[in-house]
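>>> Curious how this folds, go ahead:
(one chain, ligands or ions: 1)
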Amino acid sequence: MSFPSLRLRRLRRKESLRKLFEEVKLHPSNLIYPLFVDERIEEKEEIVSMPGQFRLSLKSLVKEVNDCKKLGINSFLFFGIPKLKDEHGSEAYNPKGIIQRAIEVLRKEFGEDINIITDVCLCEYTSHGHCGLIKDGYLDNDSSLELLKKIAITHAQAGADMVAPSAMLDGQVKALREALDDNNFHDTLIMGYSAKHASCFYSPFRDAALSAPKFGDRKSYQMSYKNKREALREIELDIREGADVIMVKPALAYLDIIHLTKNKFNLPLAAFNVSGEYSMIKAASKLGWLDEKEAIIEILTSIKRAGADMIITYFAKDLAEMVLKDEL
Ligand SMILES: [Zn+2]
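Residues are numbered from 1 along each chain as shown. Next up, the predicted model:
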């Protein structure tokens, strides 16, 4: 059949038909909301470069999570900001550290109703801001793995559902799986930051988490965004090492990688819609150059259409509110 009998505009004639034929649907249950818990503060503080996002105190954390739950958001990815930083990032694996306490508080308050996912890395906790131990000016892979294991164990002990190693060290998923299993945390999930690229879109996050490296950059461990074959190798290795969820980060400039990953590997796939992707929409809409709501829906839809099963996004609340008001 061809035109004039075949007319695809039939599918678009009215809103209710357009809704019926939608291939991609966004829902808060597939969103993961990143939250920053700051040991140094008593009240929540807005992050200047990420309007609408906050560094939370332990005190303000429960209210924030409760507000999100009312909107239908049940999954959270937590980042900690400690009072003290040192060369070894000791506060990251302190059983009484900020994230470990935050997990305990939330588990007590919300039981099993929420999914607690924790970032496992050292950059927020080290005085030099790198994601592991530095030896002769270079990030030492294998000794840093030992610290990542300690972090993951303390998170699992506190009650985390899923740990997410983000340092892009070789063997990090394998190291965590073995450490968790050795300590009887067989049910703790691992989300690998499998293809995490060295990206300029992380800048507002570093402002939020106070984690900018004090010297050099992270290009000797994070991936070059010029390499998609290498991204697929990284993902394949994470799967072999036992990742339950794989991730592509950032999302928007990496839709091709998300799509390739979805087609090649049949595993739950997360995409991290990062801070810079958030802040540029907020800035453009503040200037009146973009319609904020429409931009959020279009971008998140594109990430899901590319193949992401779940999206880690600072827009989680914005989107959930739109879903509640039936604005999608
Ligand atoms: Zn890191």
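>>> Tell me how far stretch 111-129 lies from the chain's centre.
In terms of C-alpha atoms, centre = their mean, to the nearest Å, the centre of stretch 111-129 is found 10 Å from the chain centre.
>>> Quick check, the residue in the stretch 201-328 of the chain closest to the ion?
Distances between the stretch 201-328 of the chain and the ion by C-beta to the ion are smallest at Ser211, namely 6.8 Å. C-beta coordinates here come from the backbone N, C-alpha and C atoms, glycine included.
>>> what sits against that residue?
Cys123, Glu124, Gly129, Phe205 (C-beta atoms under 8 Å, 6 or more residues apart in numbering).
>>> can I assume the third one is in contact with Cys123?
If I follow you right, that is Gly129. Yes. If you go by C-beta atoms under 8 Å, Gly129 and Cys123 touch, sitting 5.7 Å apart.
>>> which of these two has more neighbours?
When Gly129 and Cys123 are compared on other C-beta atoms under 10 Å, the one with more neighbours turns out to be Cys123, at 24 against 21.
>>> Mind telling me what element the more buried one is part of?
For Cys123, there is no enclosing helix or strand under DSSP states H and E.
>>> residues contacting it?
Gly89, Gly129, His130, Cys131, Ala167, Ala209, Ser211, Pro213.
>>> Which of the residues you listed ranks first by neighbour count?
Counting by other C-beta under 10 Å, top hit in the contacts of Cys123: Gly89 with 28 neighbours.
>>> mind checking how far it is from Ser75?
26 Å (C-beta to C-beta, to the nearest Å).
>>> ok now the helix or strand where Lys262 lies, how far from the chain's centre?
Per DSSP H and E, Lys262 falls inside helix 255-264. Put simply, helix 255-264 sits 18 Å off its chain's centre (C-alpha atoms, centre = their mean).
>>> Then stretch 128-144?
So, by C-alpha atoms, centre = their mean, the centroid of stretch 128-144 is 23 Å from its chain's centroid.
>>> Now do the buried residues in that stretch.
His128, Gly129, His130, Cys131, Gly132, Leu133, Ile134, Leu139, Asn141, Ser144 (16 or more other C-beta atoms under 10 Å).
>>> avg pLDDT for it?
For stretch 128-144, mean pLDDT rounds to 95.
>>> Stretch 227-242 too?
The pLDDT scores in stretch 227-242 average 98.
>>> returning to what we had before: which ones, among the buried residues of stretch 128-144, also lie beside the ion?
Residues of the buried residues of stretch 128-144 in contact with the ion (C-beta under 5 Å from the ion): Cys131.
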